[in-house]
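A.B. asks: return a 3D structure for these sequence lines:
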Amino acid sequence: MRLLTFQHNEQAKVGIQQKETVYDLQKLTEQFNQANDESLLMEYDLDSIVIQNEEVMESIISVWQWAEKNIDSLSGVTYKWEDVKILAPVNRPGKLVCVGNNYMDHCIEQDVEPPKKPMIFSKWASCIIGPDDAIKLPEESVQVDYEAELAVVIGKKGKNITEEEALDYVFGYTIINDVSARDIQFEDVQWVRGKSYDTFAPIGPVIVTKDEIEDPHQLDITLELNGEKLQDSNTTNLIFNIPYIISYLSKGFTFEPGDIIATGTPHGVGVFRDPQVFLKSGDTCTIEIENIGVLENTVD
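C.D. replies: Residues are numbered from 1 along each chain as shown. Here you go, the predicted structure:
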């Protein structure tokens, strides 16, 4: 299932995407209840749905399966993709954990040895923005860079998770742009401030539930800047795969539903290009990950 948060008539709603159509989950549920003499209630907030996960998703699946069978009799439940504003699917993760230098091709472009263990840092949730929102360039940085990444959304609480069971804790996958002020990042030595300016975590456009992605380690990932492809790789190049990352991190802290893991970026980032390429006002960043979608943001 492809879940999203969208805005229509100034109201934020949870939707289900099918190709170029967005289905309003609240309206679907109301019509499901009326047709089946049910009284299903659920949070119409994707953060809350992810947090409640197993309790809520069973109801959502029931509503959606009914809707697919009765699509011709439904009324007022759909919008065209281009007629709504797509928001960040979630914006209140308890933890936004990032993995650095996690693509072999990214290590090669830096001429560094691949890490022996995952390099971990974090971003603040306050830097999350949605598709089509503007990345704001901070006055104190002149080296703001892009990083296309596959993001994992956690759906179940867990500590000391084994690699074998790690994917059981995944709710789904989305796209994140790990925007980075390189001059601040390298000046500070530790990376959090340079990675966590407001607007430095565009995310979306949807969360694809894990059952829709046969193998998250077989996905093409690209980034275009103003139409020029600067990153082009595949998640097969991840050094540490998703089960290992989840297991490794859960030895130190407890994962909670709604937490997000940014799994790293492939080669082609601006700071390691010759000549270097940094974001400037008026630019457009477009990230595409196979089977997930396209995340596009302008730069202001």
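
A.B. asks: what about the closest residue to residue 170 other than its chain neighbours, how many residues nearby?
C.D. replies: Distances taken as Cβ to Cβ, 6 or more residues apart in numbering put residue 210 closest to residue 170, at 4.8 Å, once the chain neighbours are dropped. Every C-beta, even on glycine, is put in place using the N, C-alpha and C of the backbone. Here the number of neighbours of residue 210 (other Cβ atoms under 10 Å) works out to 19.

A.B. asks: and for residue 53?
C.D. replies: 19.

A.B. asks: before we move on, what about residue 79?
C.D. replies: Residues near residue 79, counting by other Cβ under 10 Å: 17.

A.B. asks: just the strands in the stretch 101-250 of the chain please.
C.D. replies: Remark: strands assigned in the stretch 101-250 of the chain by DSSP state E, counting those that start in this stretch are 119-122, 128-129, 134-135, 144-145, 148-154, 170-177, 180-181, 201-209, 220-225, 228-234.

A.B. asks: redo these as JSON lines? Include distance to residue 280 and mean neighbour count.
C.D. replies: Rendered in JSON lines, the data for the strands of the stretch 101-250 of the chain read as follows (distance: least, Cβ to Cβ, whole Å; neighbours: other Cβ atoms under 10 Å):
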{"stretch": "strand 119-122", "distance to residue 280": "25", "mean neighbour count": "16"}
{"stretch": "strand 128-129", "distance to residue 280": "18", "mean neighbour count": "23"}
{"stretch": "strand 134-135", "distance to residue 280": "11", "mean neighbour count": "19"}
{"stretch": "strand 144-145", "distance to residue 280": "8", "mean neighbour count": "24"}
{"stretch": "strand 148-154", "distance to residue 280": "18", "mean neighbour count": "27"}
{"stretch": "strand 170-177", "distance to residue 280": "16", "mean neighbour count": "26"}
{"stretch": "strand 180-181", "distance to residue 280": "13", "mean neighbour count": "27"}
{"stretch": "strand 201-209", "distance to residue 280": "16", "mean neighbour count": "26"}
{"stretch": "strand 220-225", "distance to residue 280": "10", "mean neighbour count": "20"}
{"stretch": "strand 228-234", "distance to residue 280": "14", "mean neighbour count": "16"}
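
A.B. asks: which one of these lies closest to residue 108?
C.D. replies: Nearest to residue 108, of all these, is strand 228-234, at 11.2 Å by Cβ to Cβ.

A.B. asks: ok, now which ones touch residue 108?
C.D. replies: Residues near residue 108 by Cβ atoms under 8 Å, 6 or more residues apart in numbering: residue 267.

A.B. asks: quick revisit: pLDDT at the residue nearest to residue 170, what is it?
C.D. replies: pLDDT, residue 210: 97.

A.B. asks: so who does it touch?
C.D. replies: Per Cβ under 8 Å, 6+ apart, neighbours of residue 210: 155, 167, 170-173, 216.

A.B. asks: return the member of those nearest to residue 196.
C.D. replies: For the contacts of residue 210, the nearest to residue 196 is residue 173 (22.2 Å; Cβ to Cβ).
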